[in-house]
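Q: Sequence first, then the predicted structure:
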Amino acid sequence: MTGTNVTQTEHLDIPGTRISILHRQGRQWACLHAGIDPIDGVTITSATTFDAGDTQGLKDWVEAGNTNMVRVVVPGSSIICRTCSLPNAEPDQLDEALQLQAESKLLGTAPMFRTAAAMLPAPAHATTRTGLVLAWPETSDFIGPDLEPAPLYIPDVAAMCSLVGNLHPKAPTLWVDREDGTVTMVMAQQERVHVRATKAHLPDSATSRECIDQLLMETALQAGSTPESSRNIAMEASAGLGDATTPRTLQLPKSVLESMQERLRGCEMDQAWLDTWGIAAGAALAMSDDLAPLTMFQHSLPEETPSLGEFATRRLSSVEVAVALVLLAVCLLAIGPMAFHGTRVAMLSILHPGLGEQVKTYEDNRDQQVMYGALMSEAWPMSKLLADIASNTPEGIEVDSIRLGYGEPVRIQGMAMPSSEEESAALATRMKAMLQDSGVFSDVTLRWEDSETFGNRSFDISATVKRPQYRPGYALQQDFATWTLSERKSGQDADGNWLDGTTAVASSTSTPFDRGSSSSPADRGLSAPPSPASEPAATERTATAPTRTGSSSRSPRTSAEGFSSRGDADDRAGDLSSVPTGTDPEPLSEEQIQAFTLGEAKIKLQEIAQARKRSRDPEAKARMKNEFNLILKHMRELQRGDGS
């Protein structure tokens, strides 16, 4: 971010200070030597002009003057000028306020060494102070003379403000240079000082007067003058210009001219002298008053770029640096490798605690992924998909057929039978929405087999199997494995309790299973199922939703023990065919496993995987896990040997 130097500096009133001021005017340089004395003020010692191309003569003149400082005047056409009004306060507070104003008004228009700000002088009775903010953009085409050392720069705006000082004349102070189009003016109105610097096209005297009239009126109106007063100010100022044919003119009010005669010595104050050296004299005055911060612009920052060899030679010539480098080299050679490897081992130990166990877990997971990938690439869990279809089939839907094949869309044909609470069309539509929302199926479409709108309606649903292994978390009312259809119709809740208060009791030939909570469907927020007295005898539960038998009623489901076991409900909810049989595969020896072909190994691998799910014997599970790993290892060896 571009900053602005607004720090108040001491006046350049060192006894014997000699300065050179250079002002470019068309094809010439207007130059003067001056001395600054704390008692006598500014004294002009010499004034001359040089051709713009006489660079050597200019250098000789600067050297002959034996000056301490050189300043080059920057035309107002290359300067960005802003003013701001601030309440009269302590100098430190004014500096801070001016700093904020400068940052907001300039905001990156020029680098810091090309910006400056200062408070303009004001009468003792003034209640308002005016701050002046100047910027010299790098896009400016103004180029100063090639001098050594490089000179500093001062805008002509600062010179004119120094000429005006703390005076508030009614007439404006005006500088016009038709050759480069510079128009700079300082106008005091109602305790405020308005400064303007611009570039205009001034080909002749008539055009110049018309343009200056317009600029003066605009500035006066912005300062708060009335239109009539602004017009009078512009007419008086332009009349003062007259019909002069000189390319540049400095117009000063009478009070400003008298103040200039008092502050300067060693010069004649006629109009010709003012038109040539007046701005340079104002720059000399600015270097000795409160506007000194505006006189130190730089064209570019000084840079010193020594070569790599010079830099290295300069640094290594120091004894301390050489000794430090030798000690550093010895330390690196002695303990560097040990420190590096020790740090590496420590970082690995911190970042990876229990690395061996993590490697074993990774290998087990990789083996499972290989097995799952082999199973998923050849088949779908059909029983699980049938269970998903059943869980998403509302009561009142009779499924006639389900076509389900690997890699093919599933097709469901059935009939929707209306009830007193829901029509047949709504039932089928709800089934379509439930299948779509399950996450297992996608692109579910519903087609009607007949055009009837009342009574039983045949339908055809087709869907794409999107995620066959995904296991949705079904609510209890959708989970027909936990709370079967026969239980609902016979009047039992999900825990096997009857609505009349009878608790499920295990028969003498069965082992009791924990049914969990004995809450009724009403306690769970579900609608109460029909009374068991109104239902027929027990019947088998289908693998999907209930199939059509010619009657809408369903009898309660009973198992061989007389009640449903909830211990295997979770298994049946995910896979309808995973009913425990109590039979584990025969033990396999390593020789038998080694004799398997790749196809036989895949079949046996799937059989053992299914048996491990339903087995309740820890020893059998451990044996089957060992056989599973041996078969998986044998399959890898066969795959590396091209399945032979």
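A: Done, it's in. Numbering: from 1, shown residues only.
Q: Name the residues that touch the strand or helix carrying residue 48?
A: Here residue 48, judged by DSSP states H and E, is contained in strand 41-51. Around strand 41-51, the neighbours that count as contacts under Cβ atoms under 8 Å, 6 or more residues apart in numbering are 18, 27-37, 57-58, 61, 65, 263-267, 273, 276-277, 280-281, 284-285, 288. In this view, the C-beta of every residue, glycine as well, is placed from N, C-alpha and C.
Q: List the residues that contact residue 194.
A: Here residue 194 is in contact with 83, 186, 187, 188, 219, 222, 223 (criterion: Cβ under 8 Å, 6+ apart).
Q: try residue 88
A: Counting by Cβ under 8 Å, 6+ apart, residue 88 touches 122, 126, 127, 128, 129.
Q: same thing but 10 Å
A: 94, 119, 122, 125, 126, 127, 128, 129, 191 (Cβ atoms under 10 Å, 6 or more residues apart in numbering).
Q: In helices, which of the contacts of strand 41-51 appear?
A: 57, 58, 61, 263, 273, 276, 277, 280, 281, 284, 285 (DSSP state H).
Q: of all these, which comes closest to residue 208?
A: Sorting these by distance to residue 208 puts residue 276 at the head of the list, at 18.3 Å, by Cβ to Cβ.
Q: burial measure for the closest one, as a count.
A: 20 (other Cβ atoms under 10 Å).
Q: And the pLDDT for the closest residue to it other than its chain neighbours?
A: Leaving aside its chain neighbours, residue 276 sits nearest to residue 30 (5.1 Å; criterion: Cβ to Cβ, 6 or more residues apart in numbering). As predicted, residue 30 sits at a pLDDT of 95.
Q: next one: residue 644
A: For residue 644, the predicted pLDDT is 49.
Q: swap in residue 578?
A: At residue 578, pLDDT is 39.
Q: now swap in residue 527 and tell me
A: 40.
Q: thinking again about what came up before, buried subset of the contacts of residue 88, written for PyMOL?
A: In PyMOL syntax, the buried subset of the contacts of residue 88 is picked out as below (16 or more other Cβ atoms under 10 Å):
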select buried, resi 94+119+122+129+191
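Q: In a markdown table, list the contacts of residue 88 along with secondary structure, pLDDT and distance to residue 397.
A: What follows is those, written out as a markdown table (DSSP: H, G, I helix; E, B strand; the rest coil; pLDDT from 0 to 100; distance: Cβ to Cβ, whole Å):
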| residue | secondary structure | pLDDT | distance to residue 397 |
| --- | --- | --- | --- |
| 94 | helix | 89 | 87 |
| 119 | strand | 92 | 90 |
| 122 | coil | 84 | 94 |
| 125 | coil | 77 | 99 |
| 126 | coil | 79 | 94 |
| 127 | coil | 85 | 91 |
| 128 | strand | 87 | 89 |
| 129 | strand | 90 | 89 |
| 191 | coil | 77 | 92 |
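Q: and of the contacts of residue 88, the nearest to residue 487?
A: Nearest member of those to residue 487, counting by Cβ to Cβ, is residue 94, at 90.3 Å.
Q: Quick one: the strands in the stretch 151-300 of the chain, in order.
A: Along the stretch 151-300 of the chain, counting by DSSP state E, counting those that start in this stretch, strands occupy 152-155, 173-177, 182-189, 192-199, 248-251, 264-265.
Q: re the thing from before, list just the nearest of the contacts of residue 88 to residue 373.
A: Nearest member of the contacts of residue 88 to residue 373, counting by Cβ to Cβ, is residue 94, at 78.2 Å.
Q: State the distance from that closest one to residue 198.
A: 27 Å (Cβ to Cβ, to the nearest Å).
Q: Could you do residue 352 as well?
A: Counting by Cβ to Cβ - residue 352 and residue 198 are separated by 71 Å.
Q: Same check on residue 208?
A: 13 Å.
Q: higher neighbour count, these two?
A: Legend: neighbour count by other Cβ under 10 Å for residue 208 and residue 198, higher for residue 208 (22 against 17).
Q: next structured bit after the longest helix anywhere in the chain?
A: What stands out as the longest helix in the chain, according to DSSP H, is helix 319-351. Downstream of helix 319-351, the next assigned helix or strand under DSSP H and E is helix 355-378.
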